[in-house]
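Chemist: coordinates only, sequence not included:
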């Protein structure tokens, strides 16, 4: 599987002929947690981004606390593809992070096998709403801590307690800029989904 995970030097537009199964996954999380970066890091095709410049209209609407230098935000979705092994392709749909986009999350969740929820320890409490939306809609998920540069690193057990995750919910750490750690988080999610969902 190792060679399948190395990033190609050029974008691969076609799905390899060996792929027999495809899976739709969400990459979810609150505003500014790194979803666009994550999808861009792992995608083997040129990712689709729907980012727009943050304007004064967001003042008092979007919580910019703890997000120095953030100048753009996703307004629809991010999209990418990862061929996880010769037979399995993952289609990744990154969701916008703000509450006003909950109806869009619901549309993106249609047909999704599960979700990887990115969290930021500097604003951990903001993850609660995203987790609640997924739980209310019965979307199984794993959680990945995006370890931002300069942010305090906490033991995963402490983060699990702070998020009130069930013991079986997978919890990993990643750097959204690093393809290797991101792919490992996706593998953890896929392995979890295979355990909790019957084969189709």
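Modeler: Yes, it's here. Nothing here was measured: the structure is a model prediction, and the numbers come from that model. Residues are numbered from 1 along each chain as shown.
Chemist: what's the single longest helix found in the chain in contact with?
Modeler: Taking DSSP state H as the criterion, the chain has its longest helix at helix 179-196. For helix 179-196, contacts defined as CB atoms under 8 Å, 6 or more residues apart in numbering pick out 5, 7, 23, 25, 38, 41-42, 82, 84, 88, 90, 113-116, 140-142, 144, 168, 170, 172-176. Just so you know, the C-beta spots here come from the backbone N, C-alpha and C atoms, and that holds for glycine as well.
Chemist: among those, the buried ones, what's the ChimeraX command?
Modeler: Those of the contacts of helix 179-196 that count as buried under 16 or more other CB atoms under 10 Å are selected in ChimeraX with:
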select :5,23,25,38,41,42,82,84,88,90,113,114,115,116,140,141,142,144,170,172,173,174,175,176
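Chemist: just the ones of the contacts of helix 179-196 in strands?
Modeler: Among the contacts of helix 179-196, DSSP state E puts 23, 25, 82, 84, 88, 90, 114-116, 141-142, 144, 172-174 in strands.
Chemist: neighbours of residue 101, just the number please.
Modeler: Each residue near residue 101 was counted by other CB atoms under 10 Å, and the total is 19.
Chemist: quick one: contacts for it?
Modeler: Counting by CB under 8 Å, 6+ apart, residue 101 makes contact with residue 95.
Chemist: mind checking how far it is from residue 118?
Modeler: 15 Å (CB to CB, to the nearest Å).
Chemist: hang on, residue 92 is in a strand, isn't it?
Modeler: Yes - applying DSSP: H, G, I helix; E, B strand; the rest coil, one finds residue 92 inside a strand.
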